[in-house]
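> I need the structure of the sequence given here:
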Amino acid sequence: MWKRAKRPKPARGADRTDFSPVVLCDLCAAVSRDDEAVRTYVPDSSYTHPVNDWFDGLRLLTACGKTHLAELRKHYRSRPFVEEELWAAKITRALTSGPPVLTLVELGCRTGLHEPDLRRAIAWHNQRAREGGNGPPSVEMGDQEPRGGEGA
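Numbering: from 1, shown residues only. This next block holds a predicted model:
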């Protein structure tokens, strides 16, 4: 049986480059290194975290600098926080993940909401669907709209 010839091993770290993660600014989509980005959480009733419900209603904003972060925070500060919108997003997450939900009691267990809150959220969602909208009216930011963040 024959053996392959061994290749000489490169010096430790010689063929590696610095691959630090990169992120995009939520306002201008500029690419910056993860450790240079500026982040903060802002209240946003349209956001539900895909995994951790402790972060529902808190959107993580990422910006390339303090000025862009201030502009993003100003935009979200002027946006109304609608509880029914947050509840509707929680219901959507419960209905699109995991086993099917058949009753309001099961839906309440999955979302942590009581039946009156579930009914208010469903009514809010249906009203928005009839109006053709999918959330509170957005606030104008000149010619730039924020990308948002993760999830929604």
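
> make it CA atoms for all contacts and neighbour counts henceforth
Will do.

> SS state for L60?
With DSSP: H, G, I helix; E, B strand; the rest coil as the basis, L60 sits in strand.

> Check the secondary structure at the closest residue in space to it that isn't next to it in sequence for me.
Leaving aside its sequence neighbours, L60 sits nearest to Y41 (C-alpha to C-alpha, 6 or more residues apart in numbering; 4.5 Å). Secondary structure state of Y41, per three-state DSSP, is strand.

> what sits against Y41?
Under the criterion of C-alpha atoms under 8 Å, 6 or more residues apart in numbering, the neighbours of Y41 are L58, R59, L60, L61.

> Give the buried residues for the lengthiest helix in the chain.
Of all segments of type helix in the chain, defined using DSSP state H, the longest is helix 115-131. Judged by neighbour count (16 or more other C-alpha atoms under 10 Å), helix 115-131 contains these buried residues: D117, L118, R119, R120, A121, I122, W124, H125.

> Let me see the mean pLDDT of it.
Averaging pLDDT along helix 115-131 yields 93.

> Just the C-alpha atoms of the helix or strand harbouring A70, please, in PDB.
Assessed by DSSP states H and E, A70 sits inside helix 66-77. Only the C-alpha atoms of helix 66-77 are listed here, as PDB (Å, rounded to 0.1, in the frame of the first residue of the first chain):
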ATOM      1  CA  LYS A  66     -23.500  58.100  15.900                       C
ATOM      2  CA  THR A  67     -25.100  60.500  13.500                       C
ATOM      3  CA  HIS A  68     -26.900  57.800  11.600                       C
ATOM      4  CA  LEU A  69     -28.000  56.100  14.800                       C
ATOM      5  CA  ALA A  70     -29.400  59.400  16.100                       C
ATOM      6  CA  GLU A  71     -31.400  59.800  12.800                       C
ATOM      7  CA  LEU A  72     -32.700  56.300  13.100                       C
ATOM      8  CA  ARG A  73     -33.700  56.800  16.700                       C
ATOM      9  CA  LYS A  74     -35.500  60.000  15.800                       C
ATOM     10  CA  HIS A  75     -37.500  58.100  13.200                       C
ATOM     11  CA  TYR A  76     -38.600  55.400  15.600                       C
ATOM     12  CA  ARG A  77     -39.300  57.800  18.400                       C
END
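
> For the protein, just list every one of the strands.
Using DSSP state E, the strands of the chain run over residues 22-24, 31-33, 38-43, 58-63.

> partners of the third one in the sheet?
Strand 38-43 pairs in its sheet with strand 58-63 (antiparallel), by DSSP bridges.
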